[in-house]
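A.B. asks: I would like the atomic coordinates for the input below:
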Amino acid sequence: MKRAACAVVFAAAIAGLLLFSLAPFLWSVLTSLKPEREVFAVPPTWLPSRIALESYAGVFEQRPFALYFANSLLVAALSTLLALSAAAPAAYALARFRLRGAGPIEQTFLLFALFPSAVLLVPLYSMVRDLGVANSRLALAAVHAALNLPFAVWTLTSFFRELPVEIEDAARVDGFSRLQLLARIVLPLSAPALGATSILLFIFSWNEFVLALAFLTRDDLRTVPLGISMLTGVSVYEVPWGRISAAVVLTTLPVVAAVLGFQRWIVSGLTAGAVKG
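C.D. replies: This is a model prediction of the structure:
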């Protein structure tokens with residue numbers, strides 16, 4: 001009896017936590033589906049009287065959001081690829097080689113991962129401006145990758161250390177070089193860690209606003225967060241909550257799709273049976 005009661009309490013707590021976490025997004029979805037008069041109704045209405053898609057249409061009519069989506073996707077995907085390409089060899093070296101000062105190096109990586117991007121805005125902007133690549137999606141992706149690199153190295157190093165060394169020793173007996181070990185043994189076995197790290201790196205770049213605002217001044221190069229901030233109402237005193245909510249929902253969908261896609265990959269058990277006891 002006590003076990004059943006504990007299970008009910010636990011399930012209720014999980015449901016409450018889930019509802020609390022999803023409440024902002026659910027409210028954005030409901031707001032985006034309301035007719036405009038209901039968005040500003042006092043007192044507010046919880047459910048729309050009818051499903052209205054005017055807010056979604058207004059997003060694409062007012063700003064070139066399809067172009068913003070393409071820019072964000074390009075920057076986020078490219079920055080994730082650059083960060084992982086540099087982080088994987090560095091993490092493998094820290095995990096497998098007996099380097100002097102490996103511990104302080106890892107702690108330094110973690111320290112840099114905690115730095116907010118706004119702190120580095122001025123020197124980064126000065127460097128990008130001096131190089132003449134201020135309005136460049138590639139430059140923004142490279143900066144995102146550099147800021148994400150410490151976190152990626154720290155995360156992958158911890159996972160590489162958990163991989164059994166016996167598999168690598170067997171491959172070295174077969175004549176594999178270190179580079180071949182990394183490319184053909186370590187990275188395939190580390191697919192779950194690479195997937196989880198990719199999700200976090202992609203989300204950071206997809207949602208990043210401050211650096212994108214400083215680096216990208218041309219409208220055809222702006223990303224989705226910048227596009228949302230540029231949505232305006234009929235007058236300067238009106239906040240277009242319906243269109244903003246619709247843009248937020250559309251912006252969240254690619255992230256949700258990426259998480260669900262990688263989730264199926266992560267739980268597929270790619271490392272199951274790699275080592276037999």
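
A.B. asks: Tyr56 against Thr31, yeah?
C.D. replies: No - assessed by Cβ atoms under 8 Å, Tyr56 is found out of contact with Thr31, at 11.7 Å. C-betas here are computed from N, CA, C, even on glycine.

A.B. asks: Compare those two and say which is more crowded by neighbours.
C.D. replies: Applying other Cβ atoms under 10 Å to Tyr56 and Thr31 shows that Thr31 carries more neighbours, namely 22 against 19.

A.B. asks: Which helix or which strand is home to that one?
C.D. replies: helix 2-32 (DSSP states H and E).

A.B. asks: model confidence over that helix, on average?
C.D. replies: Across helix 2-32, pLDDT averages out at 84.

A.B. asks: Report the central residue of this protein.
C.D. replies: Centroid-nearest residue in the chain, with Cα atoms, centre = their mean: Ile203, separated by 1.2 Å.

A.B. asks: and the gap between the closest residue to Tyr68 other than its chain neighbours and Leu33?
C.D. replies: Nearest non-adjacent residue to Tyr68, counting by Cβ to Cβ, 6 or more residues apart in numbering: Gly227, 4.0 Å away. Relative to Leu33, Gly227 is positioned 20 Å away (Cβ to Cβ, to the nearest Å).

A.B. asks: Neighbours of Phe204, how many?
C.D. replies: For Phe204, the neighbour count with other Cβ under 10 Å is 18.

A.B. asks: Pull up the per-residue confidence for it.
C.D. replies: So Phe204 comes in at 90 (pLDDT).

A.B. asks: And Asn207, by the same measure?
C.D. replies: 90.

A.B. asks: contacting residues around it?
C.D. replies: Contacts of Asn207 were listed using Cβ atoms under 8 Å, 6 or more residues apart in numbering, and they are Pro225.

A.B. asks: change it to 10 Å
C.D. replies: Asn207 is in contact with Ser72, Ala76, Thr223, Val224, Pro225, Thr251, Thr252, Val255, counting by Cβ atoms under 10 Å, 6 or more residues apart in numbering.

A.B. asks: And the closest residue to the third one other than its chain neighbours, how far from Gly227?
C.D. replies: So the one you mean is Thr223. Spatial nearest neighbour of Thr223, excluding adjacent residues (Cβ to Cβ, 6+ apart): Ser72 at 4.3 Å. Going from Ser72 to Gly227 by Cβ to Cβ gives 9 Å.

A.B. asks: do the same with Ile105
C.D. replies: Distance of Ile105 to Gly227, given as Cβ to Cβ: 39 Å.

A.B. asks: re the thing from before, tell me the one among the contacts of Asn207 nearest to Leu121.
C.D. replies: Nearest to Leu121 among these: Pro225, at 15.1 Å, using Cβ to Cβ.

A.B. asks: residues in contact with stretch 180-188?
C.D. replies: 84, 88-89, 91-93, 95-96, 156, 159-160, 163, 167-172, 174, 176-178, 190, 193-194, 270-271, 274.

A.B. asks: So for Ile105 and Gly227, which sits in the more crowded spot?
C.D. replies: Gly227 (22 against 16).

A.B. asks: pLDDT score for the more buried one?
C.D. replies: For Gly227, pLDDT reads 89.

A.B. asks: got a list of contacts for the helix or strand in which it is found?
C.D. replies: Gly227 belongs to helix 224-229 when elements are defined using DSSP H and E. The contact list for helix 224-229 (Cβ under 10 Å, 6+ apart) reads 59, 62-65, 67-73, 75-76, 206-210, 212-213, 216-217, 219, 222, 243-244, 246-248, 250-251, 254.

A.B. asks: Cool, thanks, signing off.
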